[in-house]
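Participant: Need coordinates for the following:
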Amino acid sequence: MATEPSAAAESLAADIKQVPQETGVRERLRAVACEVACALERVNTLSREELEALGHQTLALAGEGTEHLGFAMVAVSNVFWREQFEAVPTSRRLLLLPKCLRDPVACAGTFDSVGLHCAGCGACEIAGLKAWAEELGYLVIVAEGTSSVIMRVLEGDADAILGVACMDSLEKSFQTVTDLGVPNQALPLLYDGCEDTEAEIALIVELMESTGAAAEEATHSPLPLLRETVSMFEPARLADLLAGQVLEGALFADPLTATDAIVTDWMAEGGKRLRPFVTMAAYAVVTHGAQALEPDADAATLVPDGIRRVALAIEAMHKASLVHDDIEDGDAFRYGRPTLHTTWGIGAAINAGDHLVGMGYGLVAQETAELGGECVADIVAKLSHAHLELCRGQGAELLWQREPRPLRAVDALAIAARKTAPAFEVALYAGLRAAGAEVDEALLHRFSLYLGEAYQALNDLDDWHADADNKVSLGRDVLAGRPTVLRAFASEAGAWDALEEWTGSDDSEQVVARVRAIYTETGAFDKAERLVARLREKALEAADAAEPVALAELMRFLVRTVLRRKQDDG
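Facilitator: Just a heads-up that it's a prediction; the model follows:
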């Protein structure tokens with residue numbers, strides 16, 4: 001957790017995630033969940049709040065206590081998605097099994113970054129389930145969390161997911177799957193624990209084998225547009241869109257093309273592609289309406305290449321900021337690989353970042369014939385504003401690190417939001433303006449500001465979690481002396497002098513431990529959590545006011561995705 005929860009809070013969280021041990025209770029809850037959820041409209045996915053309310057309704061009708069709320073929510077979600085899940089051929093499904101089902105003593109399997117590679121030794125249930133699933137056509141992954149699963153879905157390897165995990169993992173991970181509109185079925189392990197747990201094997205097999213006709217009602221999904229966005233960064237597609245600028249294997253063939261090769265390799269590497277997706281999707285939902293969000297939408301036909309290049313421009317500017325940010329922060333890794341300045345040196349990396357900025361403006365400018373000069377001028381002006389605001393925010397942070405002084409939360413947010421909010425705003429604006437929409441710029445600005453502020457506050461909280469993907473440890477903001485919301489809240493509570501005393505120490509482990517204690521004692525963690533929740537609600541309210549309805553739906557998805565906890569993507 002990003003906060004330091006009390007024992008009572010931890011107990012409360014555990015109390016609502018208990019899986020009923022009696023078969024009869026589980027069957028009754030599933031039957032009642034069917035009554036509660038069978039008549040629900042399926043057009044939009046269920047939010048976390050809606051699912052919780054339906055879970056409480058299920059418990060009340062079944063006469064069960066809140067300790068089974070998590071199980072009831074899973075049961076409702078399964079009913080919601082069951083028909084659409086069964087309509088997906090087994091050859092297009094993915095089975096996610098937990099490695100904790102294995103026998104740790106007898107297991108002959110091996111592990112890698114994806115998960116467990118089952119050796120088929122037969123020492124546990126995994127081998128049999130995996131073999132049968134694969135015979136049915138399933139892709140099988142044995143791991144905790146959904147990061148690798150989501151990547152396989154985005155890459156087009158699966159269209160539905162059957163997941164088995166403990167209640168805690170299901171709560172953290174499967175909201176991501178639901179937000180993407182991916183039909184799924186989730187089965188909680190009968191009790192938590194990293195070893196010697198149990199699963200309802202017969203029910204897993206039943207769901208694996210279950211098939212059905214096409215669903216009468218399909219839930220809207222951004223997945224086709226997300227897949228289309230991700231596919232743009234494959235080398236061949238990228239080369240086509242950049243008019244042959246991708247020069248694989250040509251780094252030293254010609255010094256004058258080396259920077260192009262470094263830059264396009266960096267463009268193709270890593271990242272969630274959220275910003276270019278937003279531009280693509282905003283254009284699509286205005287031009288094609290709700291059909292752009294249908295799960296079987298032919299996304300390749302929804303967006304012309306000119307808009308794709310505008311989306312690439314948004315990503316190029318973002319990638320440039322990352323190159324420069326990594327240098328300024330002294331970060332050695334990005335996307336799990338060495339940063340550009342680590343590989344090529346600071347000078348070459350700065351130059352690559354500058355090249356990306358030029359590429360971004362150039363990609364928009366070259367679409368004048370297709371979009372019109374006025375439209376291109378408007379997008380370039382908004383892109384320039386976002387670029388300048390980013391530099392102002394980053395500059396303010398760097399100068400504050402040079403001369404630290406007592407900080408208010410409002411000041412920390414003002415600095416941080418400039419680094420994020422304008423990027424979301426221009427990504428949305430570019431797609432809407434290119435589609436010829438009448439843009440409500442005040443609403444767009446308000447939405448992006450709330451989203452950007454919440455993102456930065458959440459990022460401050462997530463800094464207290466180790467990040468294996470980027471090979472960084474917790475507390476880096478403290479060690480770097482950044483002006484975070486947490487530091488501001490602690491300063492406002494009178495802890496400025498204590499923070500200054502400890503952040504001057506050379507013992508990094510001691511600094512992190514003591515600052516964590518100060519943040520806990522002053523309530524900084526809790527205040528930041530409440531701030532994120534308030535800003536999230538404000539962003540969702542702004543999204544609800546957007547028109548057309550499909551745009552509002554896209555903006556709500558963006559809120560849920562951007563403001564997802566790092567530990568929930570494991």
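Participant: give the contact list for the nearest residue to residue 57 once chain neighbours are set aside.
Facilitator: Spatial nearest neighbour of residue 57, excluding adjacent residues (CB to CB, 6 or more residues apart in numbering): residue 36 at 5.5 Å. Where C-beta positions appear, they are placed from N, C-alpha and C, glycine not excepted. Residue 36 makes contact with 54, 57-58, 61, 76, 79 under the criterion CB atoms under 8 Å, 6 or more residues apart in numbering.
Participant: Show the buried residues in those residues.
Facilitator: 54, 57-58, 61, 76, 79 (16 or more other CB atoms under 10 Å).
Participant: ok, so of these, who is nearest residue 338?
Facilitator: Of all the buried ones among the contacts of residue 36, residue 338 sits closest to residue 76, with 45.3 Å by CB to CB.
Participant: My guess is the closest one contacts residue 32. True?
Facilitator: No. Using CB atoms under 8 Å, residue 76 is not in contact with residue 32; the gap is 9.3 Å.
Participant: All the strands of the stretch 201-350 of the chain, in order from the start?
Facilitator: All strands of the stretch 201-350 of the chain, identified by DSSP state E, counting those that start in this stretch, fall at 333-334, 337-338.
Participant: Make TSV out of those and add distance to residue 521 and mean neighbour count.
Facilitator: Output for the strands of the stretch 201-350 of the chain, formatted as TSV (distance: least, CB to CB, whole Å; neighbours: other CB atoms under 10 Å):
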stretch	distance to residue 521	mean neighbour count
strand 333-334	32	19
strand 337-338	38	14
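Participant: Residue 397: which of these is closest?
Facilitator: Judging the strands of the stretch 201-350 of the chain by CB to CB, what sits closest to residue 397 is strand 333-334, at 18.2 Å.
Participant: where does the nearest residue to residue 70 once chain neighbours are set aside land in three-state SS?
Facilitator: Excluding the flanking residues, the one nearest residue 70 by CB to CB, 6+ apart is residue 17, at 4.1 Å. Of the three states, residue 17 takes coil under DSSP: H, G, I helix; E, B strand; the rest coil.
Participant: And for residue 396?
Facilitator: Secondary structure, three-state DSSP: residue 396 is helix.
Participant: That one against residue 415, yeah?
Facilitator: Yes. Judged on CB under 8 Å, residue 396 makes contact with residue 415 at a distance of 4.6 Å.
Participant: Overlap of the contact sets of the two?
Facilitator: residue 483.
Participant: If you count surrounding residues, which of the two has more?
Facilitator: Each of residue 396 and residue 415 has its neighbours counted (other CB atoms under 10 Å); residue 415 has more, 23 against 17.
Participant: Just the mean pLDDT for the helix or strand where the more buried one lies, thanks.
Facilitator: Using DSSP states H and E, residue 415 maps to helix 409-417. Helix 409-417 comes out with an average pLDDT of 92.
Participant: And the next helix or strand past it?
Facilitator: Heading C-terminal from helix 409-417 (DSSP H and E), you reach helix 421-434.
Participant: send the alpha carbons of that next one over as PDB?
Facilitator: C-alpha atoms of helix 421-434 as PDB (Å, rounded to 0.1, in the frame of the first residue of the first chain):
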ATOM      1  CA  ALA A 421      -2.300  18.000 -17.700                       C
ATOM      2  CA  PRO A 422      -1.400  19.800 -20.900                       C
ATOM      3  CA  ALA A 423      -0.200  16.600 -22.500                       C
ATOM      4  CA  PHE A 424      -3.600  14.900 -21.900                       C
ATOM      5  CA  GLU A 425      -5.400  18.100 -23.100                       C
ATOM      6  CA  VAL A 426      -3.500  18.300 -26.400                       C
ATOM      7  CA  ALA A 427      -3.900  14.600 -27.100                       C
ATOM      8  CA  LEU A 428      -7.700  15.000 -26.800                       C
ATOM      9  CA  TYR A 429      -7.800  18.300 -28.500                       C
ATOM     10  CA  ALA A 430      -5.800  17.100 -31.500                       C
ATOM     11  CA  GLY A 431      -8.200  14.300 -32.200                       C
ATOM     12  CA  LEU A 432     -11.300  16.300 -31.700                       C
ATOM     13  CA  ARG A 433     -10.100  19.300 -33.800                       C
ATOM     14  CA  ALA A 434      -9.000  17.000 -36.600                       C
END
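Participant: mind listing what's buried in that helix?
Facilitator: Result for helix 421-434 [16+ other CB under 10 Å]: buried residues 421-434.
Participant: Could you pull up the contacting residues of the spatially closest residue to residue 421 that is not a sequence neighbour?
Facilitator: Using CB to CB, 6+ apart and skipping residues adjacent in sequence, the residue nearest residue 421 is residue 452, 2.7 Å away. Counting by CB under 8 Å, 6+ apart, residue 452 makes contact with 416-417, 419-424.
Participant: same thing but at 6 Å, please
Facilitator: Counting by CB atoms under 6 Å, 6 or more residues apart in numbering, residue 452 makes contact with 417, 420-421.
Participant: same question, residue 560
Facilitator: residue 179.
Participant: how far away is it from residue 551?
Facilitator: 15 Å (CB to CB, to the nearest Å).
Participant: quick revisit: out of the strands of the stretch 201-350 of the chain, which gets nearest to residue 95?
Facilitator: Nearest of those (CB to CB): strand 337-338, 29.6 Å.
Participant: Pretty sure residue 356 sits against residue 320.
Facilitator: Yes. Counting by CB atoms under 6 Å, residue 320 is a contact partner of residue 356 at 3.6 Å.
Participant: For those two, indicate the residue with more neighbours.
Facilitator: residue 356 (26 against 23).
Participant: Show the pLDDT at residue 197.
Facilitator: For residue 197, pLDDT reads 78.
Participant: sec struct for it, please.
Facilitator: Applying three-state DSSP: residue 197 is coil.
Participant: Could you pull up the contacting residues of it?
Facilitator: 100, 189, 191.
Participant: The first one: how many residues sit nearby?
Facilitator: Around residue 100 there are 23 other residues, counting by other CB under 10 Å.
Participant: how far away is it from residue 148?
Facilitator: 16 Å.
Participant: so which of the strands of the stretch 201-350 of the chain gets nearest residue 526?
Facilitator: That would be strand 333-334 among the strands of the stretch 201-350 of the chain, by CB to CB, at 30.8 Å.
Participant: List the contacts of residue 363.
Facilitator: Taking CB under 6 Å, 6+ apart, one finds 309, 312-313 in contact with residue 363.
Participant: Now render the residues you listed as JSON lines, adding neighbour count, distance to residue 96 and pLDDT.
Facilitator: Formatted as JSON lines, the contacts of residue 363 follow (neighbours: other CB atoms under 10 Å; distance: CB to CB, whole Å; pLDDT from 0 to 100):
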{"residue": "309", "neighbour count": "20", "distance to residue 96": "36", "pLDDT": "96"}
{"residue": "312", "neighbour count": "25", "distance to residue 96": "32", "pLDDT": "96"}
{"residue": "313", "neighbour count": "28", "distance to residue 96": "36", "pLDDT": "96"}
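Participant: gap between the closest residue to residue 349 other than its chain neighbours and residue 322?
Facilitator: In this structure, residue 349 finds its nearest non-sequential neighbour in residue 341, 3.6 Å apart by CB to CB, 6+ apart. According to CB to CB, residue 341 and residue 322 sit 11 Å apart.
Participant: repeat for residue 269
Facilitator: Per CB to CB, residue 269 is found 10 Å from residue 322.
Participant: Same check on residue 358?
Facilitator: Residue 358 is 16 Å from residue 322, by CB to CB.
Participant: Pick out whichever of these two has more residues nearby.
Facilitator: The residue with more neighbours, out of residue 358 and residue 322, is residue 322; 19 against 12, by other CB under 10 Å.
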